[in-house]
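1. here are the coordinates; sequence isn't available:
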Ligand SMILES: Nc1ncnc2c1ncn2[C@@H]1O[C@H](COP(=O)(O)OP(=O)(O)OP(=O)(O)O)[C@@H](O)[C@H]1O
Ligand SMILES: [Mg+2]
């Protein structure tokens, strides 16, 4: 059977990843707390991703608006353009696109950084220097990802909507007051909250997968490249899986 | 003459002077690969022992067991009289603060400057240390290796030999009682190797440290050792001074000296 060895490898991988996640939950609350390193990671992971996330979010909002306009005009509901775009961005496109770009930028850099630290024995060197490398490297990065991604999503949403506002104004004119009140009036708690909550999980997925791949990197420079690459692939897939689960859960909770 | 170290182990620990490092019946395997297979070694204070073995014979595995980075399958390791088996993380850290480890690949932190690299073990092991003390110790350690001017450089800006010396300075900064060297001269040209070996000897005399050196560089073995231990098939195959082993007729010993 061709599938059997692959299936076995897949199950081993799932087992190893679960163990890694379990280890994370055992370790994160125990002292010593690496506060300084955590703040440094927030800066690196959050603040430094801002230009990229901002740019893509802006273009996204602008383009979606321009793409939707012809159909809206056709059905005579052009005035509802801000509402449709606003809902689409806040509920789905904002969190997912931001998370995917975050996975591409942060997932790969965590994977590569920890991977090269592993193969050049820097992680071992930390351990003999009285530092728990799991806490110092993994816990700080995962927490920084979990906290920074939702912030980036919120900022990205706002920038997207601004892009959308400009998109509306290319062909017709809306006052910004009208644009924003239209969106705010139609948005409800059940649009904003699930999207916000799921971005924490997206952040966790990106952080923990990047760390897992890097921390267990195989020897050699090829191993480092592979860690970076597979952490992007795996965390992107996980983002969609979590998205799928999130929509089911909000459905069950009647939040739709 | 060559003595089987298994006999040497019978020495009682009754002497007030406890051995710095004792390794007894150490076993370590990875799957079916039996890397260490009943390895024994004992080291006294101030001694400088070289472990000689072919590539892949398990030398790095051996010293990683000594520092607790790998857990042996069976056997005991005692450092300064404390057994490492089943020891807590805090206890292990206390022992590690007295042990220096020079990694085969140097393991300098790429994202930190030389100064931060040296500060790292200090700040981590000795929590109550002031910035002034840290500055003095960092400069001292860099002066010991003759590289005080590189203090604000990044590791990538340094040559291989300089990186090795910075790694050595980082090892020295805690004034360890024993230093474990994993192939300190591999990948360096012969002149730089000699400089590193000389430096190791100077440090050994200055701080009266004990050294466990892993090597297959005969120059290093000749210059740096009081005693040589040959690692073959996971065992301590032979031990003696360089001169004793050099005269040996045993083919497995002879191959190293050709
Ligand atoms: N973490 C590990 N997992 C599996 N096998 C390992 C691991 N570490 C070492 N080995 C195996 O143990 C054996 C000894 O490796 P080790 O690195 O100790 O060799 P060495 O004597 O230091 O060689 P070199 O002189 O090339 O550094 C090798 O066969 C290696 O494949
Ligand atoms: Mg080695």
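-> Alright, I've got the coordinates. Here the structure is a predicted model, which means the values were calculated and not measured. Numbers count the residues shown, from 1 in each chain, chains lettered A, B, ... in the order given. Ligands and ions are numbered 1, 2, ... in the order given.
2. which stretches of the chain form strands?
-> Unless you meant another one, I'm taking chain A. In order along the chain, chain A carries no strands (DSSP state E).
3. let's do chain B instead
-> Counting by DSSP E, the strands of chain B are B:21-30, B:33-43, B:48-52, B:74-79, B:82-83, B:99-102, B:178-182, B:210-215, B:227-232, B:235-240.
4. what residue lies at the spatial centre of the chain?
-> By default, I'm working from chain A. Computing the C-alpha centroid of chain A and ranking residues by Cα atoms, centre = their mean puts residue A:99 first, at 2.6 Å.
5. please go with chain B instead
-> Centre-most residue of chain B, counting by Cα atoms, centre = their mean: residue B:180, 1.2 Å.
6. quick one: closest of the strands of chain B to residue A:193.
-> If you check each of the strands of chain B against residue A:193 by Cβ to Cβ, strand B:21-30 wins as the nearest, at 49.5 Å. For glycine as for every other residue, the C-beta is placed from the backbone atoms N, C-alpha and C.
7. give the pairing partners of the closest one; include direction for each.
-> Take DSSP bridges as the rule and strand B:21-30 pairs in its sheet with strand B:33-43 (antiparallel), strand B:74-79 (antiparallel).
8. who's in contact with stretch A:139-146?
-> By Cβ atoms under 8 Å, 6 or more residues apart in numbering or on different chains, the list of residues contacting stretch A:139-146 from outside reads A:24, A:27-28, A:34, A:37-38, A:40-42, A:44-46, A:102, A:106, A:110, A:200, A:203-204, A:206-208, A:210-211.
9. check these one by one and keep those near ligand 1.
-> Counting by Cβ under 6 Å from any ligand atom, nothing from those sits close to ligand 1.
10. any of those residues buried? List them.
-> When burial is judged by neighbour count using 16 or more other Cβ atoms under 10 Å in any protein chain shown, the buried members of these are A:24, A:34, A:37-38, A:41-42, A:44-46, A:102, A:106, A:110, A:203-204, A:206-208, A:210-211.
11. from these, which land in helices?
-> For the buried ones among the contacts of stretch A:139-146, the ones inside helices are A:24, A:37-38, A:41-42, A:44-45, A:102, A:110, A:203-204, A:206-208, A:210-211, with DSSP state H as the criterion.
12. closest to residue B:153 out of those residues?
-> Sorting these by distance to residue B:153 puts residue A:44 at the head of the list, at 21.6 Å, by Cβ to Cβ.
13. residues touching the closest one, list them.
-> Each residue near residue A:44 by Cβ under 8 Å, 6+ apart is listed here: residue A:144.
14. give me the distance between it and residue A:109.
-> If you measure residue A:44 against residue A:109 using Cβ to Cβ, to the nearest Å, the figure is 8 Å.
15. ok, residue A:129 next?
-> Taking Cβ to Cβ as the measure, residue A:129 falls 24 Å from residue A:109.
16. tell me which of those two has more neighbours.
-> A side-by-side neighbour count of residue A:129 and residue A:109, using other Cβ atoms under 10 Å in any protein chain shown, places residue A:129 first with 23 against 20.
17. neighbours around the residue nearest to the more buried one when sequence neighbours are not counted, how many?
-> Spatial nearest neighbour of residue A:129, chain neighbours left out: residue B:121 (4.0 Å); criterion: Cβ to Cβ, 6 or more residues apart in numbering or on different chains. The local packing count at residue B:121 equals 24, with neighbours defined by other Cβ under 10 Å.
18. give me the pLDDT value at the residue nearest to the centre of chain B.
-> The predicted local distance difference test score for residue B:180 is 94.
19. go on, residue B:194?
-> pLDDT for residue B:194: 89.
20. chain neighbours aside, what residue packs nearest to the residue of chain A found nearest ligand 1?
-> Here the residue of chain A nearest ligand 1 is residue A:219; by Cβ to the nearest ligand atom that distance is 8.9 Å. For residue A:219, the nearest residue in space outside its immediate sequence neighbours is residue A:119; the separation is 5.6 Å by Cβ to Cβ, 6+ apart.
21. can you pull the contacts of residue B:58?
-> Taking Cβ under 8 Å, 6+ apart as the contact definition, residue B:58 lies against B:28, B:35, B:36, B:231, B:234.
22. look up how far residue B:29 lies from it.
-> When Cβ to Cβ is the yardstick, residue B:58 and residue B:29 sit 10 Å from each other.
23. please apply the same query to residue B:231.
-> Taking Cβ to Cβ as the measure, residue B:231 and residue B:29 are separated by 15 Å.
24. what's the local residue count around residue A:227?
-> Using other Cβ under 10 Å, residue A:227 has 27 neighbouring residues.
25. confidence score at residue B:10?
-> The confidence metric pLDDT takes the value 40 at residue B:10.
26. residue ranges with poor pLDDT in chain B?
-> Applying pLDDT under 70 to chain B picks out residues B:1-17.
27. list the contacts of the longest helix seen in it.
-> When chain B is scanned for its longest helix (criterion: DSSP H), the result is helix B:190-207. For helix B:190-207, the external contacting residues (Cβ under 8 Å, 6+ apart) are B:48, B:144-145, B:160-161, B:164-165, B:168, B:172, B:175, B:179, B:181, B:184-185, B:188, B:209, B:211, B:213, B:217, B:219-220, B:223-224.
28. which among the residues you listed count as buried?
-> Neighbour-count burial within the contacts of helix B:190-207 applies to B:48, B:144-145, B:161, B:164-165, B:168, B:172, B:179, B:181, B:184-185, B:188, B:209, B:211, B:213, B:217, B:220, B:223-224; the criterion is 16+ other Cβ under 10 Å.
29. of these, which belong to helices?
-> With helices identified by DSSP H, the entries of the buried ones among the contacts of helix B:190-207 that belong to them are B:144, B:161, B:164, B:165, B:168, B:172, B:220, B:223, B:224.
30. can you convert the residues you listed into JSON lines and add a column each for distance to ligand 1?
-> Compiled in JSON lines, these are given as follows (distance: Cβ to the nearest ligand atom, whole Å):
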{"residue": "B:144", "distance to ligand 1": "26"}
{"residue": "B:161", "distance to ligand 1": "19"}
{"residue": "B:164", "distance to ligand 1": "15"}
{"residue": "B:165", "distance to ligand 1": "20"}
{"residue": "B:168", "distance to ligand 1": "18"}
{"residue": "B:172", "distance to ligand 1": "23"}
{"residue": "B:220", "distance to ligand 1": "13"}
{"residue": "B:223", "distance to ligand 1": "19"}
{"residue": "B:224", "distance to ligand 1": "16"}
